[in-house]
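Asker: coordinates for the following, if possible.
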Amino acid sequence: MQGARILATGSAVPELCVNNFKISEMVETSDDWIVTRTGIKERRVLTGIDKSVVDLACLASIKALDKVSMSPLDIDLIILATSSPNDLFGSASQVQAQIGANKAVAFDLTAACSGFVLAVVTAAQFIENGSYKNVLVIGADVLSKWTNWLDRSTCILFGDGAGAVIIQACSKDDNGILGFQLNTDGEKSDQLSIPYRNKAKNKTISICQGEFDFIQMNGREVYKFAVSKVPLSIFKCLQSLCISTEDVSWLLLHQANERIIHAVAERLSIHSSKLISNLHKYGNTSAASIPLALDEALSSNKIKYNDLIVISGFGAGLTWGTVVIQWKC
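Answerer: Purely as a prediction, here's the structure:
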């Protein structure tokens, strides 16, 4: 068995910035109402008919590769965590082709806002058992394409973005991915979903055909789920590693709602000064939110060598999970 560590990060967001004042022109709301309840001030939205999640994923990936002067041909595996592919058969292969990582295996992983955590854990397993040396993990979503912009309960929340990390094999002594804890509660999948609706029936062979709807969310239930389940997942993960919450350098949660982030930190007795958050600038970018915030924290020199970072994602499925990393670069 060998270790795995995050070698480099990169991120990308669309140019169009939509602030709360613009949202208030579309639905009955206000900047104060949105900020008070979510902490979000603005979000980025992808525009253009030919633009997709692949464009953002490629840009974030190239930035990560450039930081360590790594050739795309050195990548063995690409995992694209997304719930908004531009092809239902998968978009990771398009990323592989566009960045020139022709030697890499590529596949999509769909777990909504928990997607990046699950992708990191998956990548670590491939590395630790010796299957691959360099894995490119991308969290990218363009949920603006699945948002009902006339539904004020959801249109205020979501934005588009991408974040990428290169995870590389290393010695066990330099291992940076210490442990994880993952969960699913499929009985509550209807609390946050993009449901498929039957629209028409083919009379000749009795096949129902339809299309996907907009994002459906029970905000109150999702909030209750997050603030109760996420702290427990983090505690279990830290306990399994014999790490105290006092030893945590940074807490990086999925950027869904400022009240959730602070409630989780409070339940774990982790001071707000240890929170990594950029929610106010980008809103909920689903699988992109954690790697996007991680890249920005590293760019601002917030994270230092050997810092312990607790990362937790939660969302549709319902899924939630934690991975604990030690920064080794």
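Asker: going by C-alpha atoms from here, please, whenever you check contacts or count neighbours.
Answerer: Noted.
Asker: buried stuff in whichever strand or helix holds Phe225?
Answerer: Following DSSP states H and E, one finds Phe225 within helix 219-240. For helix 219-240, a neighbour-count test (16 or more other CA atoms under 10 Å) marks 222-223, 225-227, 229-235, 237-238 as buried.
Asker: same check, this time on stretch 3-22
Answerer: 3-14, 17-20.
Asker: what do you get for stretch 241-259?
Answerer: Buried residues in stretch 241-259, counted by 16+ other CA under 10 Å: Thr245, Val248, Ser249, Trp250, Leu251, Leu252, Leu253, His254, Gln255, Ala256, Asn257, Glu258.
Asker: report the rounded mean pLDDT for the helix holding Phe225.
Answerer: Averaged over helix 219-240, pLDDT sits at 97.
Asker: and that helix, what does it pack against?
Answerer: strand 177-184, helix 258-267, strand 308-315, strand 319-326 (3 or more CA pairs under 8 Å, 6 or more residues apart in numbering; DSSP states H and E).
Asker: which element follows it toward the C-terminus?
Answerer: Past helix 219-240, the next helix or strand by DSSP H and E is strand 250-253.
Asker: Tyr305 contacts Leu298, correct?
Answerer: No. Counting by CA atoms under 8 Å, Tyr305 sits too far from Leu298 to count as a contact (10.7 Å).
Asker: tell me which of the two has more neighbours.
Answerer: Leu298 (14 against 9; other CA atoms under 10 Å).
Asker: list phi and psi for the more buried one.
Answerer: phi -70, psi -40 (degrees, to the nearest 10).
Asker: pLDDT on stretch 152-163, on average?
Answerer: Mean pLDDT, stretch 152-163: 96.
Asker: for that stretch, measure first residue to last.
Answerer: Stretch 152-163 has an end-to-end distance of 27 Å (criterion: CA to CA, to the nearest Å).
Asker: cool, and stretch 169-180?
Answerer: 17 Å.
Asker: do the same with stretch 235-250
Answerer: Stretch 235-250: ends 14 Å apart by CA to CA.
Asker: would you check that Gly161 makes contact with Ile138?
Answerer: No. The criterion here is CA under 8 Å, and Gly161 misses it with Ile138 at 10.7 Å.
Asker: joint contacts of these two?
Answerer: Residues within reach of Gly161 and of Ile138 at once, by CA atoms under 8 Å, 6 or more residues apart in numbering, are Ala288.
Asker: these two: who's more crowded?
Answerer: More crowded of Gly161 and Ile138, by other CA under 10 Å: Ile138, with 36 against 31.
Asker: tabulate the helices and strands packed on helix 219-240 (JSON lines), appending mean pLDDT and distance to Ser69.
Answerer: Formatted as JSON lines, the helices and strands packed on helix 219-240 follow (pLDDT from 0 to 100; distance: least, CA to CA, whole Å):
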{"stretch": "strand 177-184", "mean pLDDT": "98", "distance to Ser69": "23"}
{"stretch": "helix 258-267", "mean pLDDT": "97", "distance to Ser69": "35"}
{"stretch": "strand 308-315", "mean pLDDT": "98", "distance to Ser69": "25"}
{"stretch": "strand 319-326", "mean pLDDT": "98", "distance to Ser69": "23"}
